[in-house]
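**Q** A predicted structure for the sequence below; I have some questions about it.
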Amino acid sequence: MPKWLQIEVEREPAEGERSKSKKGRSKSKRADQPASAREEPSDRDATEWSGDGGDQSPSPSSGNGAARFALGLVAVALVAGLGLLAGRLLRPGSASGGQLAIDGGALAWVNGEPISTRDVDIEYGVQSVLRQRIQGETLVDKQAIDGFRRELVDRLVDRWLALQDARANGLVVTDAEIDAELPTLGARFGISSEELKAAVFAVQPNLNDADWRTWGAQQILLGRYLNSPRAAELANESMRTIGRSADQVSAVAGLLSLNADLQFLVNGESVAPAREGQLAPDFVLPAPDGTPMRLSDFRGRPVMVNFWATWCAPCRIEMPLFVNAYESNKEDLVILGVNSQERPDQVVPYVQGAGLTFPIVIDDGTVSAIYRVKALPTTFFIDAQGMIVRAHRGAIRSRPELKPFIEEILPGVQLGSGSGVRDMLLAFVHPSRGATSLGSTTIR
């Protein structure tokens, strides 16, 4: 099993072979970053989850980031042409080692319906071909490929939710309709369906005509569903109640996931995603110096878990506020900064230059997947008992905005004085941030 799949998970007593979750809510990168990091929206110019209406910024991509960037372009194009949107996850309990499976059998379940390795294989094949055609780039690094495939599992969860809702609302695609429309799916990209299929099979030789037909049927049904009043209604409701999403499938799935039973295979057992109102999935991640840090070691004190990256412009907005909150409440509040898939030699200069005093760990993408982080920055507010009280996507811009979040886990919290404007400006111009475009942050 690849190293990035290794993770410590915290589990609650089993309720059966697969426990059910009834409720729940719930990044691209510099050229030298790994492909699976989910951070700022380098995938698209559109804004992904932003709790207050949009605080995220795209970043250049290559390697893992490039995969996400291409995936975003592919998704947008496919939505326009085919209705294809390429379009994470633990149950809490007692600590035990675990591995997030992604390379065999069923990888996840959406309301009991499995997402299999073959489902990921064909999606990876299609996205790889279109990415190469649109971007002129091909993933060759194993870490980048693993990260891209892991990202596709998360995207397929959203697609499964949309397809299930389509069927539940009476939408179907007949064999005759598949026969008629399947040959046209590649036309949008100036390639025949047969050429596209041959290229996909060259990337994934294990696939067959049945896999191709199943994939095509999904695209046809998904396209019809996205044009239906039902999907428009759900997307609008998601915008009002959850916030902006990168695309219509993300928006619809965001709402549908609140009451969905989502399970991922971890260490041979199915587990549910991180969700508000549930125990935060435990994890062990290394500090930049390699020292392991475990989330549950902070049990007894409220914790803010902040997912960020050095190239994430919105992240730089809130860092001075977090330093202030941490220094003003160091005995009572823990802030754990989870860097998304960068190297220690990238993280350390940034931490030093920005004056970050709270603990920093580096995620290889696994924890972000478990927490279904869809944009940077994203912050989870966890109470002293380890329960996720609130998840906020997007930058927090001011003390008045930050204080109510912290008060939910630390009543009576005091934040230091001062505007923090100077620190914010310094954070933006600090040279260690590297070349990062400003704008929206997405990971889908």
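**A** Happy to help now that I have it. Numbers count the residues shown, from 1 in each chain.
**Q** after the top helix by length along the chain, which helix or strand is next? Please name it.
**A** Determined from DSSP state H, the single longest helix within the chain is helix 142-168. Using DSSP states H and E, the helix or strand that follows helix 142-168 towards the C-terminus is helix 175-181.
**Q** tell me what the helix or strand containing L234 is packed against?
**A** Using DSSP H and E, L234 sits in helix 229-241. In terms of contacts (3 or more C-beta pairs under 8 Å, 6 or more residues apart in numbering; DSSP states H and E), helix 229-241 is packed against helix 142-168, helix 248-256. No exception for glycine: its C-beta is placed from N, CA and C like everyone else's.
**Q** winner for burial among those helices?
**A** With neighbours taken as mean count of other C-beta atoms under 10 Å, the helices and strands packed on helix 229-241 reach their highest mean count in helix 248-256, at a mean of 25.
**Q** list the contacts of P288.
**A** P288 is in contact with 344, 347-348, 351, 360, 362, counting by C-beta atoms under 8 Å, 6 or more residues apart in numbering.
**Q** ok, so of the residues you listed, who is nearest R316?
**A** V351 (12.2 Å; C-beta to C-beta).
**Q** make sure the closest one is indeed in a helix.
**A** Yes. Assignment of V351 by DSSP: H, G, I helix; E, B strand; the rest coil places it within a helix.
**Q** surely it and I360 touch.
**A** Yes. Applying C-beta atoms under 8 Å, one finds V351 in contact with I360, separated by 5.7 Å.
**Q** more neighbours: those two, which one.
**A** I360 (23 against 20; other C-beta atoms under 10 Å).
**Q** need the three-state assignment for the residue lying closest to the more buried one once chain neighbours are set aside.
**A** Leaving aside its sequence neighbours, I360 sits nearest to G337 (C-beta to C-beta, 6 or more residues apart in numbering; 4.5 Å). For G337, the assignment made with three-state DSSP gives strand.
**Q** how many neighbouring residues does G337 have?
**A** Using other C-beta under 10 Å, G337 has 23 neighbouring residues.
**Q** what's the answer for E276, then?
**A** So E276, with other C-beta under 10 Å, has 16 neighbours.
**Q** that one and R390 touch, don't they?
**A** Yes. Here E276 reaches R390: they are 6.4 Å apart, a contact under C-beta under 8 Å.
**Q** returning to that earlier point: looking at the contacts of P288, which is nearest R159?
**A** Out of those, the member with the shortest distance to R159 (by C-beta to C-beta) is I362, at 30.0 Å.
**Q** check contacts around that closest one.
**A** I362 touches 285-288, 338-339, 341-342, 344, 347, counting by C-beta under 8 Å, 6+ apart.
**Q** which residues does it bridge with?
**A** N339 (DSSP bridges).
**Q** could you pull up the mean pLDDT of stretch 110-129?
**A** Across stretch 110-129, the average pLDDT comes to 95.
**Q** for it, buried residues please.
**A** 110, 115, 117-129 (16 or more other C-beta atoms under 10 Å).
**Q** buried ones in stretch 270-287, by neighbour count?
**A** Neighbour-count burial for stretch 270-287 [16+ other C-beta under 10 Å]: 270-276, 278-285, 287.
**Q** follow-up on the earlier one: out of the buried residues of stretch 110-129, who's nearest F298?
**A** V110 (32.0 Å).
**Q** list the contacts for that closest one?
**A** 157, 160-161, 164, 260-262.
**Q** beta partners of it?
**A** E113, L262.
**Q** quick one: low-confidence parts of this protein?
**A** Per-residue confidence for the chain (pLDDT under 70) gives these ranges: 1-104, 266-269, 416-444.
**Q** just so I have it, where are all the helices in it?
**A** Using DSSP H, helices in the chain cover 64-81, 117-135, 142-168, 175-181, 193-203, 209-226, 229-241, 248-256, 313-328, 344-354, 366-370, 399-407, 421-429.
**Q** distance check, the closest residue to G105 other than its chain neighbours against N324.
**A** Nearest non-adjacent residue to G105, counting by C-beta to C-beta, 6+ apart: T117, 6.4 Å away. Applying C-beta to C-beta, to the nearest Å, the value for T117 to N324 is 47 Å.
**Q** again with A384
**A** 21 Å.
**Q** so if I had to pick from those two, which one is more boxed in?
**A** With neighbours defined as other C-beta under 10 Å, A384 and N324 compare such that N324 has more, 19 against 16.
**Q** doesn't D247 make contact with S238?
**A** No. Contact criterion C-beta under 8 Å: S238 and D247 do not qualify, at 11.3 Å.
**Q** who's more crowded, the two?
**A** Neighbours were counted for S238 and for D247 using other C-beta under 10 Å; D247 has more, 26 against 22.
**Q** now the phi/psi pair for the more buried one, please.
**A** phi -160, psi 180 (degrees, to the nearest 10).
**Q** quick one: it from G412, how far?
**A** 41 Å.
**Q** end to end, how far does stretch 387-404 reach?
**A** End-to-end span of stretch 387-404 (C-alpha to C-alpha, to the nearest Å): 17 Å.
**Q** now swap in stretch 369-388 and tell me
**A** Using C-alpha to C-alpha, the two ends of stretch 369-388 sit 16 Å apart.
**Q** so for it, what gets flagged as buried?
**A** Within stretch 369-388, judged by 16+ other C-beta under 10 Å, the buried ones are 369-384, 386-388.
**Q** now do stretch 176-187
**A** Quick answer for stretch 176-187 (16+ other C-beta under 10 Å): 178, 181-182, 185-186.
**Q** so I178 touches A217, yeah?
**A** Yes. Using C-beta under 8 Å, I178 is in contact with A217, at 5.1 Å.
**Q** kindly indicate which of the contacts of V110 lies nearest A395.
**A** Among the contacts of V110, and counting by C-beta to C-beta, the member closest to A395 is V157, at 25.8 Å.
**Q** where's the residue nearest to I360 relative to P377, distance?
**A** 10 Å.
**Q** ditto for V203
**A** 34 Å.
**Q** do P288 as well
**A** 18 Å.
**Q** please apply the same query to L262.
**A** From L262 to P377 the distance is 23 Å (C-beta to C-beta).
**Q** repeat that for K330.
**A** Counting by C-beta to C-beta, the separation of K330 from P377 is 21 Å.
**Q** so T184 touches S193, yeah?
**A** Yes. Applying C-beta under 8 Å, one finds T184 in contact with S193, separated by 6.6 Å.
**Q** quick revisit: give me the angle between the helix holding L234 and helix 248-256.
**A** 70 degrees (axes from the mean of the first three to the mean of the last three C-alpha atoms, to 10 degrees).
**Q** contacts only, for D363.
**A** Going by C-beta under 8 Å, 6+ apart, the list of residues near D363 reads 285, 307, 338-341.
**Q** restricted to strands, list the buried residues of stretch 369-388.
**A** 378-382, 388 (DSSP state E).
**Q** what's the local residue count around the closest residue to I145 other than its chain neighbours?
**A** Spatially, and ignoring its direct neighbours in sequence, I145 is nearest to L139 (5.1 Å; C-beta to C-beta, 6+ apart). By other C-beta under 10 Å, the residues close to L139 number 24.
**Q** having no further points to raise, I will conclude here.
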